[in-house]
Every structure is written in C-alpha cells, then in structure tokens.
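Novice: Next come a sequence and a model predicted from it.
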Amino acid sequence: MKATEAQLLGFLKKSPQFIIPIYQRTYSWTERECRQLWDDVIRAGENQEISVHFIGSIVYVEERQSQISHQSPLLVIDGQQRLTTITLLLAALSKELGGGEPVDGFSARKLRNYYLLNPEENGERHFKLLLSQTDKTTLKAIVDEKEFPQDYSLRVKENFRQFQDLIADCHGELAPICNGLAKLMVVDIALSRDQDNPQLIFESMNSTGRELSQADLIRNFVLMGLEPLLQTRLYEEFWRPMELAFGQEAYTSDFDAFMRHYLTLRTGDIPRQDQVYAAFKDHARSRNATGPAVELLVKELLDFSRYYCAMALGAEEDSDLKLAFSDLRELKVDVAYPFLLELYADYKQNILHKEELLEAVRLVESYVFRRAVCNIPTNSLNKTFATFTKALKKNRYLESIKAHFLLLPSYRRFPNDDEFWRDVQTRDLYNFRSRSYWLRRLENYGRKERVPVDEYTIEHIMPQNDALPQAWRAMLGSEWKRIHETYLHTLGNLTLTGYNSEYSDKPFIEKRDIVGGFKESPLKVNKGLGELDVWDESSIKTRAERLAQEVVKVWGSPGISMEILEAYKPVPASRDSYSISDHQSLLSGQMSHLFAAFRREVLALDPCVTEDFLKLYVAYKAETNFVDVVPQTKQLRLTLNLRFAEINDPKGMCRDVTGLGKWGNGDVEIQLSTVNDLGYVIGLVRQSLERQLGSEIAD
C-alpha cells in the first residue's frame, strides 16, 4: 500500500478514470453532507490563512487490462462519496461559468476537460468517473449536459440541483469557490493487488462522510473478494434485483432491518442493530459461503428480501394478504418478521396454504394487539418470535401455531377472551399508539364495502372539555366529575364522525338529532346511539360491553380443542417432589427471616415468577431459572443465570463462578447474609430476570 498527500484537482487531472465497483453502495450523501463540503470549500476559499483543507482519502486499486495501449482505470475501494460530490460541484460550477474564468484554470472548458471528461476518449472511457447502475446514467447525463434519464438517481440529481442553487446564490462571485476547490487535499492510497487485502482495508477505513450501513458492509463482504466474472454475475442476478425490489429510498432505510430479521430467523439469535454485519459474517462462515458457494447464500437473500418487501413494504399482490400485512405495519409489529419470513417462504413453496398464512398473520396481529390492550410489557416479544419457528410442526402447520400461542407462559401469554373483553372496556384507547388502526379494523370487520375511516375523526360522545357544560353535568348526575375522568377515553365513549366541528360540546340529544347526527350515521360503531335518550355511566358501560364483544371477534384467539392442546404440552420430567419443609434452615434456622424477605421480594418482581423447591436449592423461574438459592447456615448463596460480563454490580458483591462446580444455573454468585443488602441484591436479581424476559434486546 502506498499513501501520499495530493491536491485533489491535480489527482483528478492525472488519473485516467475512476470506476466504482458493482459491490460498492450507491451514492448516498444527503443535503447535510453536501452542505458541509460546500461550507468547507467556501471557508477555505475566503480565508487566505487557510492553505489546504483535507477532505479524506481515496483508496483504489488498478483494474487489470488486456489492452496495454490505455492506462488502467482505478477501482475505488473507499472515497466514492467524496469523488461523486466533488464531480457534481464541478459540473454545476462549469455550467455557471459559461465563457468566464474568474480564477486561472477555472473556465468551463478546463473544468470539463481536466476533471470531468477524457476529451480524446470515446464511449465510457470518455468520462472521468463511472458510478454503478442508476447512479451511472444520471451522472453521465449531468456531465454530458443532457436530460436526466427516466429512472434517474434521486441522490445524484438532488445534490446536483443543490449545488446549482448554492452557486446561483453567489450572484456571480465565484472566485471563493474556485480558490476553495484548489485548496482541497486528499490522501492518495494505491493498493497492490498481490499484497493488500481490499476487504480488510475497507473495513478499517475511518470516513468523515456518511457512515456505511450494515447492508453496505455485507454487500462488499459478499462480492469484493470474488473473481470479476462471478462478482458481476452475482451482482446482476441477485444483488441488483434486491436493490430494485426495495427501491432507492427503502434500500437505504429498510435493508439493514431486513438483514437483522433474516439473521434472527436463520441463527435464532437477535443481533443488535449495529452488529448485523458481524453476525452476517459469522453466519456466512458457518455455511462455508465462500467463493462460488456464496451463490446459494445470495440467492436465498434475494428470495427472503422479496418476502420481506411483500410484508413490510407493501409489495404483496394478493389483496387479502396485502391488507393483513398493512394492518401489521400500522400496528408496528416489526418484531414478528423473523417468524413471518419463515411462514411466507413456506407459503411460496406451497407448504403453507394462503388461507393458513392469512389466519396465522391475523393471529400475530391479535396476539400483539391483545397484549397491548391488556398492558402486558412488550420486552419479551423479540424472543417470542425469534424462537417461534422451533415450535412449528409443518405437517400440522396452523394447528402447531395455535397451540404454541396458547401454551406461551404467563408473561408471554396470549390474553384469553375474558381478559381481553374486560380490559378493552377500561383501557385508554384514545391515547393508544394506534387509535386510527383499531377504529378502522373495528368499523370494517365483516364489511365487503370498506369504510374509509381516515376521512372521519374520532369523537368523544361525552365531551373532552374538563369544564363540562351544565347540560352534560345534569345528565351525568352528581358524580359527573368521576364519570368524566373514568370513562372519557374509553371504548364506550369513543366513536367516529364526519361532523366533529358540528358536534362540539353540544348536549347528547342535539348530537343525536342534528343533520348527520347519531340517528343518521351509517357507521357500525354508532349503532344504537340514535335510539338513546340519555348518555350516562350506565349507557357508556352498556355500549362498552357490546362493542367489546365485537372487539373479541375482530382480534380473535386461536381456536383449538383442549384435547389437541394437551397433545402439544411438554411432558414434565419425572422427579421427586420437594417443598420448603425439606429445607428446615429456611423454616426455623438463622436464615429463615432473611429467606422469607428475599422470597417475598423475588415473587413480587413479576406475576410470571414461580418458585420450585429442589433437593439442594430453591429455583425461581420465569421461563427457566433466573436465580437459584442454596441455603447455608449463615448466608444464602445465590446464583444468577447470567454471564459474569453481563452483570452491573457497582458494589462488587458478585463473584465469577464460570466453569466452577456448583448447584444452580449461571456464572454469577452472590452471598447474602444480612437484610441490609437485600434491596441491592434484589436489583441484581432483577437484571437476571429482565435478561430472560428479553428487555436487553435493542429494537
């Protein structure tokens, strides 16, 4: 590797051509990065005390050529964003200069012939910089001063127009721009094909520009080391179709998320958002996906990316599935995509019928919505869906999905009809995260002709105004204030209307009888309101109970017989039965009071926590053990089911017992001997429980 400082314009002038390899990401600098470069150029151009301004490095390797009559083009490993942006700025400046030359060397002809074009070459050799795919045709049109292609690159076009606007704002004072460009410096880094590893160098480069996404790193990892012919074929057959399936904007914003869901499905582990690339490398190596064998992996990525686009980006063509996926997106059920990717893949391979897939998607929707209404913490959803596929029995596909939902333990449970019916009546549904979603689903359930709910507004039958008008106070009775506070945002008091401004705070009878009032409303959610003469606590509760019955149908539960469900229950391992009486020291010994206090605090951590007395220790479980207690004469020896590196222990009470023989599960040991330490120790125990529930996973 050879690195030298170089004046940017001189470097551009002497170089025959820059080519962006197909494995590189598309041009991605936004208005912010372009504006920063512009400000740097102007500052350097206006300040005589600034002699040079470094903008980063250009890393490249010479392309092998069979025709020795031409200089070899330079394949850019790092620096394409800066090269492209400078090219756009030079193109905009040359267009503005016309026949003028405000600074020596800065005429339109010289800018074009020195830095934008190779005037004596034809075809693609005519251009100093060749980007890839859509970016290439758009940049060529700009440099050639032709119309933009129909499928133009958004970023290339928008940034060129931005520079045109910035230059126009200079009102002909172009010398600072020219002087600033002349001061730009880069680090010119030439790699040797025989001695340098472009992939390792690429990963280690630090750039002041826009950071590479995890998807960018993955694409480069997959394609960079391949032979040119294989590299080109895999890109054109598999990777490019992925980019097109996502589209320019969604590829930038959604591809990383897709890769995370794909890796979760394939590995069973949920990588952190910023560790997707590292997880992919491990996955690729575990499959020995190197050289030609990488084709199977890239083909699978293409297939699953299309499944993801169908579900998450609205590309599904089947109308029933398209609507179901749309509802999931509105409910923001991203955590379910690893599980749904498996289902959709089997649907495409005719293992799962469309009707079964549709019912499974609706069950996922019901599961998430019911839990939200019942106010069950969401921190376990990642793990629930990451491991769901392990429960599938594909010869009884839908049945196994239903059974698994119903057998999830308490904190992961699928709320039953009674719990859901009860809680949906009292929940604040007005400030619910997706109120337009649940109102639309409720109104359109069972309808063939769908109601465009977005054209309506949500209406509080009993008005929101804290200072209720006298007519409302009289109707609600002496406890009007309690009723208003209790029921205002609940199911029974909420509805839809197109006459929100007409309703205002009018008395109920006026809302009922005015033009467009409740008597005339065609909406199902307003059924029965036109027949009432009073709107009071009883009316609200009665309507809530009726609507809740409908809600339970809309977001249905898995229908499966108890006989079938029993067959799916795991058979418990037979073992001797123990109780606290088998641990006399916990009943009457020196540690009995401390254990009683510890036991009370641990069981109060979460309703899902259970207690299991074993022969030599006591286990506290959520889904599995999170803390085990070994009774001793003068202390309780606790084992937390965590790796030692995971515990946050400012007081240093924990001991690393990794690899040591012990009763209990986990690598963290605590000795508890006094009630004074109980509060702190419970905080350590809570970390183990939350780790098991999945709250440490970054969404």
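Specialist: Received it, and whenever you're ready, just let me know what you need. Numbers count the residues shown, from 1 in each chain.
Novice: could you pull out the strands for this structure?
Specialist: Counting by DSSP state E, one finds strands in the chain at the ranges 2-7, 18-19, 53-62, 74-78, 129-130, 184-191, 457-460, 494-497, 610-613, 618-621, 625-631, 636-640, 655-656, 668-672.
Novice: which of the residues in stretch 480-498 are buried?
Specialist: Counting neighbours by 16 or more other CB atoms under 10 Å, one finds that the buried residues in stretch 480-498 are 480, 483-484, 487-497. Just so you know, the C-beta spots here come from the backbone N, C-alpha and C atoms, and that holds for glycine as well.
Novice: hey, C-alpha coordinates of it in CSV?
Specialist: Only the C-alpha atoms of stretch 480-498 are listed here, as CSV (Å, rounded to 0.1, in the frame of the first residue of the first chain):
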residue,chain,number,x,y,z
TRP,A,480,-70.3,13.7,36.8
LYS,A,481,-66.6,14.5,37.6
ARG,A,482,-65.7,10.9,38.5
ILE,A,483,-67.6,9.6,35.4
HIS,A,484,-65.9,12.1,33.2
GLU,A,485,-62.4,11.1,34.5
THR,A,486,-63.1,7.4,34.4
TYR,A,487,-64.8,6.9,31.1
LEU,A,488,-63.7,9.8,28.8
HIS,A,489,-61.1,8.0,26.7
THR,A,490,-62.6,4.5,27.0
LEU,A,491,-64.2,2.3,24.4
GLY,A,492,-67.8,3.1,25.4
ASN,A,493,-67.4,6.9,25.0
LEU,A,494,-65.4,6.9,21.7
THR,A,495,-66.8,6.8,18.2
LEU,A,496,-66.3,8.1,14.6
THR,A,497,-67.9,11.1,12.9
GLY,A,498,-67.6,13.3,9.9
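Novice: which stretches of the stretch 1-150 of the chain have low pLDDT?
Specialist: Low-confidence segments of the stretch 1-150 of the chain, defined by pLDDT under 70, span residues 1, 63-70.
Novice: Would you mind measuring from residue 684 to residue 476?
Specialist: In this structure, residue 684 and residue 476 are 50 Å apart, going by CB to CB, to the nearest Å.
Novice: Quick check: the residue nearest to the spatial centre of the chain vs residue 315, distance?
Specialist: Ranked by distance to the mean C-alpha position of the chain (CA atoms, centre = their mean), the top residue is residue 257 at 4.9 Å. With distances taken as CB to CB, residue 257 is found 15 Å from residue 315.
Novice: Residue 432 now?
Specialist: As for residue 432, its distance to residue 315 is 28 Å (criterion: CB to CB).
Novice: Surely residue 508 touches residue 534?
Specialist: Yes: the pair residue 508 and residue 534 qualifies as a contact (CB atoms under 8 Å) at a distance of 7.3 Å.
Novice: care to break the protein down by domain?
Specialist: As assigned by automatic domain parsing, the chain contains the domains 2-211, 231-421, 423-554, 580-693.
Novice: Throw the ones you listed into a markdown table and include distance to residue 220, thanks.
Specialist: What follows is the domains of the chain, written out as a markdown table (distance: least, CB to CB, whole Å):
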| stretch | distance to residue 220 |
| --- | --- |
| domain 2-211 | 5 |
| domain 231-421 | 9 |
| domain 423-554 | 37 |
| domain 580-693 | 31 |
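Novice: which stretch among the ones you listed comes nearest residue 224?
Specialist: Checking those against residue 224 by CB to CB gives domain 2-211 as the closest, at 5.0 Å.
Novice: ok, back up a step: would you check that the residue nearest to the centre of the chain makes contact with residue 334?
Specialist: Yes: under the criterion of CB under 8 Å, residue 257 is in contact with residue 334, at a separation of 7.1 Å.
Novice: so what sits against both of the two?
Specialist: residue 312 (CB atoms under 8 Å, 6 or more residues apart in numbering).
Novice: For the buried residues of stretch 480-498, work out which two are farthest apart.
Specialist: Pairwise across those, and taking CB to CB, the largest span is found between 480 and 496, at 24.6 Å.
Novice: what bridges to the nearest residue to residue 644 once chain neighbours are set aside?
Specialist: Distances taken as CB to CB, 6 or more residues apart in numbering place residue 656 nearest to residue 644, at 4.1 Å, with adjacent residues excluded. Bridge pairing for residue 656 (DSSP bridges) gives the partners residue 668.
Novice: Make residue 1 into 57 and carry on from there
Specialist: I'll keep to 57 as the first residue from here, and by that count the last item is residue 712.
Novice: neighbours around residue 712, how many?
Specialist: Other residues near residue 712 come to 13 when the count uses other CB atoms under 10 Å.
Novice: about what we covered before: let's have the buried residues of stretch 536-554 in CSV, adding distance to residue 604 and pLDDT.
Specialist: Rendered in CSV, the data for the buried residues of stretch 536-554 read as follows (distance: CB to CB, whole Å; pLDDT from 0 to 100):
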residue, distance to residue 604, pLDDT
536, 24, 93
539, 19, 95
540, 21, 94
543, 14, 95
544, 17, 95
545, 15, 95
546, 10, 95
547, 6, 95
548, 9, 96
549, 13, 94
550, 12, 94
551, 14, 91
552, 17, 89
553, 21, 85
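Novice: Out of these, which is nearest to residue 324?
Specialist: Compare each of the buried residues of stretch 536-554 with residue 324 using CB to CB and the shortest gap goes to residue 547, at 38.7 Å.
Novice: List the contacts of that closest one.
Specialist: When contacts are counted by CB under 8 Å, 6+ apart, residue 547 is found next to 480, 481, 483, 485, 599, 600, 603, 604, 607.
Novice: Mind telling me the two of those residues farthest from one another?
Specialist: Across the contacts of residue 547, no pair lies farther apart than 483 and 599, at 14.9 Å, counting by CB to CB.
Novice: Tell me which of these two has more neighbours.
Specialist: For residue 483 versus residue 599, neighbours defined as other CB under 10 Å are more numerous around residue 599 (24 against 17).
Novice: these two touch, right, residue 422 and residue 611?
Specialist: Yes: the criterion here is CB under 8 Å, and residue 422 meets it with residue 611 at 4.1 Å.
Novice: lowest-pLDDT helix or strand in the protein?
Specialist: Across the helices and strands of the chain, mean pLDDT, DSSP states H and E gives its lowest value to helix 254-260, namely a mean of 53.
Novice: what about residue 616, neighbour count?
Specialist: For residue 616, the tally of surrounding residues (other CB under 10 Å) stands at 17.
Novice: what's the closest non-adjacent residue to it?
Specialist: Once its chain neighbours are removed from consideration, residue 616 has its nearest residue in residue 458; the separation is 4.5 Å (CB to CB, 6+ apart).
Novice: Contact partners for that neighbour?
Specialist: Taking CB under 8 Å, 6+ apart, one finds 419, 614, 615, 616 in contact with residue 458.
Novice: which two in the residues you listed are spaced the farthest apart?
Specialist: Within the contacts of residue 458, two members stand farthest from each other by CB to CB: 419 and 616, at 10.9 Å.
Novice: Okay, helices next: where are they in the stretch 107-256 of the chain?
Specialist: Listed in chain order, the helices of the stretch 107-256 of the chain (DSSP state H, counting those that start in this stretch) span residues 136-153, 164-167, 189-199, 210-224, 231-239, 254-260.
Novice: Ok, the stretch 607-755 of the chain next?
Specialist: According to DSSP H, counting those that start in this stretch, the helices that the stretch 607-755 of the chain contains are 618-624, 640-644, 648-659, 734-749.
Novice: that older thread, buried ones from the contacts of residue 458, can you make that a ChimeraX selection?
Specialist: Isolation of the buried members of these (16+ other CB under 10 Å) is achieved in ChimeraX through the command below:
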select :419,614,616
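Novice: can you redo the contacts of residue 458 as CSV with distance to residue 664 and pLDDT?
Specialist: Output for the contacts of residue 458, formatted as CSV (distance: CB to CB, whole Å; pLDDT from 0 to 100):
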residue, distance to residue 664, pLDDT
419, 21, 97
614, 20, 95
615, 25, 90
616, 23, 91
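Novice: Could you list the low-confidence segments of the stretch 207-356 of the chain?
Specialist: Within the stretch 207-356 of the chain, the segments meeting pLDDT under 70 span 249-268, 281, 345-348.
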